[in-house]
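K.L.:
next come a sequence and a model predicted from it.
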Amino acid sequence: MTSVFGKQLKIEVWGASHAPEIGITITGLPKGVLLDPKKIQAFLDRRKGGKNAYSTKRAEADTPDIKSGVTKTEDGKVFTTGDALTALFYNTNTRSSDYDEMRYVPRPSHADYTSYIKYGDEMDRSGGGMFSGRLTLPVCFAGAVIKEIFEEKGISIFAHIASVGEIKDDAFDPVNPDQNCVGTGEDFPVINKEAGAKMVEYMTACAAEGDSIGGVIECAVTGLPAGVGEPLYDSIEAVVSHMMFGIPAVKGIEFGSGFTCSKMKGSECNDPYVIKDGKVCTETNNSGGIQGGISNGMPIVFRVAMKPTPSIYKEQRTVNMKELTETTLSLKGRHDPCIVPRAVPCIEAACAIALYNLYAEEESKKASSDGISNMREKIDALDEEIAGLISRRMECAKEIAKSKKKDGLPVKNPEREAQVLRHVGSVAGSDKEIYVQEVYRKLISETSQYEESLINTEES
């Protein structure tokens, strides 16, 4: 089974947590994008497990095996070819036996029950199967590639842990988030290191208790020009949210001031327009850089709520789906007591994929508009040339009219007209023959009327 997202840039993700491999195919990347494998790997390493007490003990290499879509130069540089880019990631550190007793005993708040109802025994649910957070790895790969494209265009995407449980980090400055984004890009991305230390202590304590905890991730985008996005169903909010909910554990999203807006007056929530450095800006950014679904040139700011990891070691009530009896479950396996730190690059990647679709669509429209303008200029030049030629043709017709009057010949000559139509049709080619002939029928008709008017004028 595969999952697909996107129009201008399409990603297709497949595989499962304990399958031999997971992978992604990216269609729609431009040709000639320079990729930095070390930079991409560093981004992927940010979501790796097995590094500390508050993440899963499962450790994988998470190194992409790129099968298509790139070319390498003699000096070792890697460029996209413009073809579909496919990358595989191999699962080598799996322990499927940990999930044997859960084949018909679903973990509470996991996808075990719903996937069994939908797919029955056809799907391998070990480690969460295709619903596992493991599937965010290929998404991060795509996001890392797109972030490189965006960086070349001056567009930056960065995020931090806004909270773990009730412990909060400092928030981004909504107008200038890049002014206090210190710590983003790190393995434990927080702005306030003291708050970060308290988060680590709390997550470690939850892990020791066999429990888990959720949190919030705040993400910002700077450098995105105004005019990106569409009204209603392809708005920035709609497309970004669509992508975000493809990340397991995401349960909510808010843009700008979000739900806080519901407690504000219009005079407090509205973002007044100002001119800064010769550009239209807003004084505040309660809208999160989006109005009418379209970017207004201010930073895009949003937050996502991550639920606690449902796989916990405490005994929980559940059922046996085969026997339809109630039972209890104590989990085995390796699970994150808090998924939030590892999910930060996933949020950045998903944001990059969503926004690139809208950005590329806008660029395509501009290119199309520019192309139409260029073609219209060519048509205008051709029209000027055609008008001059028709004028010269009518001058010839004037002389012909004099000769016809002198020799007593009729104005119309059906045989000559048919000859002209056949000739111009053959010159135009079969695909445009009927259109050119129709224009010439009108031209011949107008020429005949012109000749008649000249003859009648001379006679009078």
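P.N.:
All right, it came through fine. Numbering: from 1, shown residues only.
K.L.:
can we go C-alpha only for contacts and neighbour counts from here?
P.N.:
Noted.
K.L.:
my read: Gln179 touches Asp173, true?
P.N.:
Yes. Contact between Gln179 and Asp173 holds when scored by Cα atoms under 8 Å: they sit 7.3 Å apart.
K.L.:
more neighbours: which of these two?
P.N.:
Just comparing Gln179 and Asp173: by other Cα atoms under 10 Å the higher neighbour count belongs to Asp173, 16 against 10.
K.L.:
tell me who's in contact with the more buried one.
P.N.:
179-180 (Cα atoms under 8 Å, 6 or more residues apart in numbering).
K.L.:
need the three-state assignment for it.
P.N.:
Recorded secondary structure, Asp173: coil (DSSP: H, G, I helix; E, B strand; the rest coil).
K.L.:
please renumber so the chain begins at 36
P.N.:
Sure, I'll start counting at 36 from here, so that last one is Asp208.
K.L.:
roughly how far does it sit from Ile61?
P.N.:
34 Å (Cα to Cα, to the nearest Å).
K.L.:
quick one: low-confidence residue ranges for the stretch 186-335 of the chain.
P.N.:
By pLDDT under 70, the stretch 186-335 of the chain contains no weakly predicted segment.
K.L.:
mind listing the strands for it?
P.N.:
191-199, 202-203, 250-257, 285-290, 308-311, 314-317, 325-326, 329-330, 335-341 (DSSP state E, counting those that start in this stretch).
K.L.:
roughly how far out does the longest one sit from the chain middle?
P.N.:
The reference is to strand 191-199. 19 Å (Cα atoms, centre = their mean, to the nearest Å).
K.L.:
who's in contact with that strand?
P.N.:
With Cα under 8 Å, 6+ apart as the criterion, strand 191-199 contacts 182, 185, 203-206, 216, 218-220, 223-226, 234, 238, 248-258, 375-376, 379-380, 382-383, 386-387.
K.L.:
repeat that for 6 Å
P.N.:
Contacting residues not belonging to strand 191-199 are listed as 203-204, 219, 224-225, 250-257 [Cα atoms under 6 Å, 6 or more residues apart in numbering].
K.L.:
name the strands paired with that strand and say parallel or antiparallel.
P.N.:
strand 202-203 (antiparallel), strand 250-257 (antiparallel) (DSSP bridges).
K.L.:
which of the ones you listed is buried the deepest?
P.N.:
strand 250-257 (a mean of 24; mean count of other Cα atoms under 10 Å).
K.L.:
I'd like the distance between Thr317 and Val140.
P.N.:
Distance from Thr317 to Val140, by Cα to Cα: 53 Å.
K.L.:
who's more crowded, the two?
P.N.:
Neighbours of Thr317 and Val140, each counted by other Cα under 10 Å, are more numerous for Val140; the result is 23 against 20.
K.L.:
in three-state terms, label that one for me.
P.N.:
coil.
K.L.:
with adjacent residues omitted, what lies nearest to it?
P.N.:
Ranked by Cα to Cα, 6 or more residues apart in numbering and with sequence neighbours excluded, the top spatial neighbour of Val140 is Asn355, at 4.8 Å.
K.L.:
for Ile469, same thing?
P.N.:
Nearest to Ile469 is Gly460, by Cα to Cα, 6+ apart, at 7.0 Å.
K.L.:
now do the strands in the stretch 336-485 of the chain.
P.N.:
351-355, 360-364.
K.L.:
for the first one, give me every contacting residue.
P.N.:
By Cα under 6 Å, 6+ apart, the surrounding residues in contact with strand 351-355 are 139-140, 360-364.
K.L.:
lovely, talk soon.
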